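K.L.:
Here is a sequence with its predicted model. Questions after.
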Amino acid sequence: MEEMENARWRDLDKLLTRPGNLVSPNFEPRKELREDLQEYVKVLVVGAGGLGCELLKDLALSGFKNIEVIDMDTIEVSNLNRQFLFRMQDVGQPKAVVAARRVMERVSGVNIVPHFCRIEDKDFEFYRVFDIIVIGLDSIEARSYINAVVCSFLEYDSDDKPREETIKPMVDGGTQGFTGHARVILPGMTACFECSMWVFPPQVKFPLCTLAETPRTAAHCIEYAHLIQWDEEHRGKTFDADNPEHMQWVYSQALKRADLYGISGVTYSLTQGVVKNIVPAIASTNAILSSACALEALKIVTGFSKILSNFLTYHGAAGIYTTVPEFVKDNECLVCGPGVLIELDTTVTLQKFMDLLAEQPLLKMSRTSVMYQGNNLYMQAPPVLEEMTRSNLQIPLFELMGKIPKDIVHVSGTTNIDDKKSTASRKVRVSFKGIADGVTDMDTACGG
């Protein structure tokens with residue numbers, strides 16, 4: 001049995017037991033490295049769609065044995081042409097559950113724990129336990145959320161240098177038709193997702209007059225139902241793109257409008273794509289980019305080779321063509337940087353501090369939850385936690401932080417920057433007046 005196991009991992013052992021010129025500086029070639037990889041390293045795969053299916057397979061075949069996967073979607077017939085782990089009898093079942101089961105059936109020894117839920121449903125501590133997070137999502141908003149969660153674990157020393165032990169690596173993959181990317185994110189050292197948000201093209205928006213008066217495409221009919229009809233018929237009720245009943249309503253209304261104007265092509269999958277801004281996917285592109293992501297994950301945790309620096313793009317429409325540009329970290333980034341500095345009096349209560357966050361130009365955060373050193377100072381939800389932490393609102397933040405001169409507080413809530421609302425997590429450097437020294441050369445939002 002041991003001989004068969006060694007033969008199975010022969011190629012992996014060659015990578016992990018041989019020195020070379022391209023290895024990372026801390027790499028120590030040894031056979032036990034594979035055993036450590038398989039026993040101790042925990043990987044989270046975010047997304048179990050086209051790219052996620054490939055990632056689970058590739059990671060399992062690369063030696064990772066402790067894997068968890070999170071996805072909120074169920075399997076649809078339209079998924080079957082490229083999400084190879086699913087079958088017709090799986091339609092309607094959770095993607096994460098089925099994908100985990102199929103990989104474990106085919107790759108012996110791997111343990112994959114599925115989570116059928118939204119990524120926001122898990123608290124930050126859930127994400128903290130993983131050694132590396134591999135992302136296979138089709139949504140910019142979801143990527144931004146995971147990026148913010150992971151960057152919230154990052155801590156800086158007194159010289160604003162990232163503490164190496166708090167860096168949680170991410171590998172992000174994405175595909176669109178015959179193009180795709182794989183990137184490595186080391187928070188505090190490389191550009192995070194927010195640092196390079198400019199690389200993503202703006203979402204296509206249709207003039208409301210076109211939607212209302214002269215629809216010409218199926219997408220126009222869908223957006224009319226989504227943006228106009230929903231508010232007209234469901235006043236005060238927020239549309240939830242992840243609610244199947246809401247999506248079905250938009251689809252049925254779009255069909256009626258398309259029939260009225262003689263427009264064809266409205267389907268349920270297209271409705272999802274237009275409303276949720278989902279990009280098209282091709283199986284071969286998913287396979288190529290997944291292999292790149294899995295390789296980078298293996299390089300990061302073992303060090304057998306230098307990691308990607310730091311963004312690989314793939315163009316498959318006119319042949320196999322790749323480029324590797326390097327994104328530069330934004331030192332002023334609100335997500336992966338040291339954090340926004342706020343200077344306070346020692347008498348400022350937690351409630352007053354939260355009010356200041358709403359006024360701070362770089363944050364404008366409402367419905368705020370506050371954490372310090374892993375402890376919940378105030379939580380908006382669930383109700384039981386809100387009740388347990390409510391009494392802290394009238395206590396000075398200085399006391400809640402143990403009367404130390406300055407430190408980092410983690411806050412999460414709804415930001416409203418440039419009239420765009422989004423869920424976000426941020427680090428805030430709190431410095432108390434008359435106690436902390438050396439607060440110079442930086443913008444502060446003073447609170448009295």
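P.N.:
Sure, I can see it. Because the structure is predicted, anything quoted here is derived from the model rather than measured. Residues are numbered from 1 along each chain as shown.
K.L.:
And the helices in the stretch 301-448 of the chain?
P.N.:
Counting by DSSP state H, counting those that start in this stretch, the stretch 301-448 of the chain has helices at residues 350-359, 383-389, 397-400.
K.L.:
Kindly reformat those as TSV containing mean pLDDT, mean neighbour count and distance to Phe130.
P.N.:
In this view, the C-beta of every residue, glycine as well, is placed from N, C-alpha and C. Formatted as TSV, the helices of the stretch 301-448 of the chain follow (pLDDT from 0 to 100; neighbours: other CB atoms under 10 Å; distance: least, CB to CB, whole Å):
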stretch	mean pLDDT	mean neighbour count	distance to Phe130
helix 350-359	92	19	28
helix 383-389	90	12	23
helix 397-400	93	19	29
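K.L.:
Tell me which of those sits nearest to Leu37.
P.N.:
helix 383-389 (36.6 Å; CB to CB).
K.L.:
what's Leu55 in contact with, if anything?
P.N.:
If you count contacts by CB atoms under 8 Å, 6 or more residues apart in numbering, Leu55 has them with 45, 47, 134, 136, 173, 290, 293-294.
K.L.:
and it, helix, strand or coil?
P.N.:
Three-state call for Leu55 (DSSP: H, G, I helix; E, B strand; the rest coil): helix.
K.L.:
Okay, and the residue positioned nearest the centre of the chain sits in which element?
P.N.:
By CA atoms, centre = their mean, the chain has its centre lying nearest to Ile146, at 2.6 Å. Under DSSP states H and E, the secondary-structure element containing Ile146 is helix 140-152.
K.L.:
Low-confidence stretches in the stretch 151-300 of the chain?
P.N.:
200-207, 278-280 (pLDDT under 70).
K.L.:
Could I get the full set of helices for it?
P.N.:
Here the stretch 151-300 of the chain has its helices, by DSSP H, counting those that start in this stretch, at 208-213, 218-224, 230-233, 244-261, 268-276, 283-302.
K.L.:
residue ranges of the strands in the chain, please?
P.N.:
42-46, 66-71, 111-116, 132-135, 170-176, 179-185, 311-315, 321-323, 340-344, 365-372, 375-378, 406-417, 420-432 (DSSP state E).
K.L.:
quick revisit: just name the most buried of the helices of the stretch 151-300 of the chain.
P.N.:
Neighbour counts (mean count of other CB atoms under 10 Å) averaged over each of these peak at helix 218-224, with a mean of 24.
K.L.:
That one - contacts with which helices or strands?
P.N.:
helix 208-213, helix 244-261, helix 268-276 (3 or more CB pairs under 8 Å, 6 or more residues apart in numbering; DSSP states H and E).
K.L.:
Tell me which of these lies nearest to Thr179.
P.N.:
Here helix 268-276 is closest among the helices and strands packed on helix 218-224 (CB to CB), at 16.8 Å.
K.L.:
And the contacts of the closest one?
P.N.:
Outside of helix 268-276, the residues within contact range by CB under 8 Å, 6+ apart are 76, 78, 139, 218-219, 222-223, 226, 241, 247-248, 250-251, 254, 278-280.
K.L.:
between it and helix 244-261, how many degrees?
P.N.:
Interaxial angle, helix 268-276 versus helix 244-261 (axes from the mean of the first three to the mean of the last three CA atoms, to 10 degrees): 110 degrees.
K.L.:
gap between helix 268-276 and the chain center?
P.N.:
21 Å (CA atoms, centre = their mean, to the nearest Å).
K.L.:
And the pLDDT for Thr440?
P.N.:
Per-residue pLDDT puts Thr440 at 38.
K.L.:
how about JSON lines for the helices of the stretch 301-448 of the chain, with distance to Ile408 added?
P.N.:
Shown next, in JSON lines, are the helices of the stretch 301-448 of the chain (distance: least, CB to CB, whole Å):
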{"stretch": "helix 350-359", "distance to Ile408": "13"}
{"stretch": "helix 383-389", "distance to Ile408": "19"}
{"stretch": "helix 397-400", "distance to Ile408": "13"}
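K.L.:
for those helices, which one sits closest to Ala424?
P.N.:
For Ala424, the closest of the helices of the stretch 301-448 of the chain is helix 350-359, at 11.1 Å, according to CB to CB.
K.L.:
re earlier: so which of the helices of the stretch 301-448 of the chain is nearest Pro94?
P.N.:
Between these, helix 383-389 lies closest to Pro94; by CB to CB that is 26.7 Å.
K.L.:
give the contact list for the residue nearest to Ser152 when sequence neighbours are not counted.
P.N.:
The shortest distance from Ser152 to any non-neighbouring residue, by CB to CB, 6 or more residues apart in numbering, is to Ser425 (4.8 Å). By CB under 8 Å, 6+ apart, the contact list for Ser425 reads 124, 148-149, 151-152, 335, 410-412.
K.L.:
Pipe the residues you listed into a markdown table and attach neighbour count and distance to Leu61 per row.
P.N.:
Below are those laid out as a markdown table (neighbours: other CB atoms under 10 Å; distance: CB to CB, whole Å):
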| residue | neighbour count | distance to Leu61 |
| --- | --- | --- |
| Phe124 | 16 | 30 |
| Ala148 | 23 | 31 |
| Val149 | 23 | 28 |
| Cys151 | 25 | 30 |
| Ser152 | 24 | 32 |
| Val335 | 24 | 33 |
| His410 | 19 | 37 |
| Val411 | 24 | 41 |
| Ser412 | 21 | 36 |
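K.L.:
Which of those sits closest to Gln89?
P.N.:
Nearest to Gln89 among the contacts of Ser425: Val149, at 34.7 Å, using CB to CB.
K.L.:
any idea what sits nearest the closest one, other than its immediate chain neighbours?
P.N.:
That would be Tyr127: by CB to CB, 6+ apart, it lies 5.2 Å from Val149.
K.L.:
Pull the contacting residues for that neighbour.
P.N.:
By CB under 8 Å, 6+ apart, the contact set of Tyr127 is 44, 133, 146, 149-150, 153, 168.
K.L.:
that older thread, and the strands of the chain as TSV, adding distance to Ser264?
P.N.:
Below are the strands of the chain laid out as TSV (distance: least, CB to CB, whole Å):
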stretch	distance to Ser264
strand 42-46	36
strand 66-71	32
strand 111-116	35
strand 132-135	36
strand 170-176	24
strand 179-185	28
strand 311-315	31
strand 321-323	35
strand 340-344	51
strand 365-372	43
strand 375-378	53
strand 406-417	39
strand 420-432	34
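K.L.:
can you tell me which of the ones you listed comes nearest to Ser391?
P.N.:
That would be strand 375-378 among the strands of the chain, by CB to CB, at 9.5 Å.
K.L.:
any idea how far stretch 413-423 is from the chain center?
P.N.:
17 Å.
K.L.:
Would you mark the buried spots in that stretch?
P.N.:
Residues of stretch 413-423 classed as buried: 413, 415 (neighbour count, 16 or more other CB atoms under 10 Å).
K.L.:
Perfect, that will be all.
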